[in-house]
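> Predicted structure and sequence below. I'll ask about it afterward.
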Amino acid sequence: MSRIGRLLGVGLSLAWSIAGAAEALTVAELDRLLRAAPPAAAVPFEERRESPWLAAPVESRGTLHARPDRLEKRVTAPREETWRLLADRMEWVGAGGAPKQILFRDAPAVGLLADALRRVLAGELLALESTFRIELRGDAQDWTAQLQPRSAEAAGPLDHLELRGRGARLQTIVVVERRGERTITRLDP
């Protein structure tokens, strides 16, 4: 047997061993894993917004406070503001300003994204299967989930969400829009 043939054989054998050792993760298993994580009162985040219409990416940081019925994003830099994603609306409060809101019945695509973010951060992945196709890669130790809206019409500008994590810890949320915009949120950086 040639040297290349032996190396190829060893490589294939190693690949089969690794594939067998790391079982594919299911949506139900990832849901259980995320729900098993102890709830945090506040999770620090760093966020980067990229857009073909921006001269440079916009970066922000602050804390996230998640519950199944509410997600609150408190931005501390570059300016103070608070975003609340509730079941029926999104509220925004700037430094010293009056709250502004968007009702989801008037903006269904915003509601779809808000519901997904609320549920993901609350560990409720299974609840999203009716509105998103969920494709998983990896195993329980190192995983990626891509959420594709089932209805492009309802999704509006949203192309997909990508979630990355290790074990029970969600580490990164990537929101990809159809026009080339991306928001990358790193949790507990």
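All right, it came through fine.

> Please state the offset of the helix or strand encompassing Gly62 from the chain centre?
Assigned by DSSP states H and E, Gly62 falls within strand 58-67. Centre-to-centre, strand 58-67 and its host chain are 13 Å apart (C-alpha atoms, centre = their mean, to the nearest Å).

> What strands line up against that strand, and which way round?
According to DSSP bridges, strand 58-67 has the following sheet partners: strand 43-50 (antiparallel), strand 70-77 (antiparallel).

> Would you mind giving those strands as TSV with mean pLDDT added?
Putting the strands paired with strand 58-67 into TSV (pLDDT from 0 to 100) gives the following:
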stretch	mean pLDDT
strand 43-50	97
strand 70-77	95
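
> who wins for proximity to Ile102 among these?
Nearest of the strands paired with strand 58-67 to Ile102, taken as C-beta to C-beta: strand 70-77 at 14.4 Å. C-betas here are computed from N, CA, C, even on glycine.

> Going C-terminal from the lowest-mean-pLDDT helix or strand in the chain, what's the next secondary structure element?
The weakest-scoring helix or strand in the chain, judged by mean pLDDT, DSSP states H and E, is helix 3-21 (a mean of 40). Sequence order places helix 27-36 as the next helix or strand after helix 3-21, per DSSP H and E.

> what does that next one rub up against?
Residues outside helix 27-36 that contact it (C-beta atoms under 8 Å, 6 or more residues apart in numbering) are 123-126, 129, 134, 136, 140, 143, 145, 165, 167-168, 170.

> what do you get if the cut-off is 6 Å, keeping everything else the same?
Here helix 27-36 makes contact (C-beta atoms under 6 Å, 6 or more residues apart in numbering) with Gly123, Leu125, Leu126, Ile134, Ala168.

> Which ones among these map onto helices?
Secondary-structure check on the contacts of helix 27-36 using DSSP state H: no residue lies within helices.

> Neighbour-wise, which one of the residues you listed leads?
Ranked by neighbour count (other C-beta atoms under 10 Å), the contacts of helix 27-36 have Leu125 at the top, with 26 neighbours.

> got the contact list for that one?
Under the criterion of C-beta under 6 Å, 6+ apart, the neighbours of Leu125 are Leu30, Asp31.

> now it: how far from Ile184?
Using C-beta to C-beta, to the nearest Å, one gets 20 Å for the distance from Leu125 to Ile184.

> what does Met90 give?
Using C-beta to C-beta, which is the criterion applied here, Met90 is 20 Å from Ile184.

> So for stretch 100-115, mean pLDDT?
Within the predicted structure, the mean pLDDT of stretch 100-115 is 93.

> Quick one: classify Ala114 as helix, strand or coil.
helix (DSSP: H, G, I helix; E, B strand; the rest coil).

> Ignoring the adjacent residues along the chain, who's closest to it?
The shortest distance from Ala114 to any residue that is not its chain neighbour, by C-beta to C-beta, 6 or more residues apart in numbering, is 4.1 Å, and that residue is Leu85.
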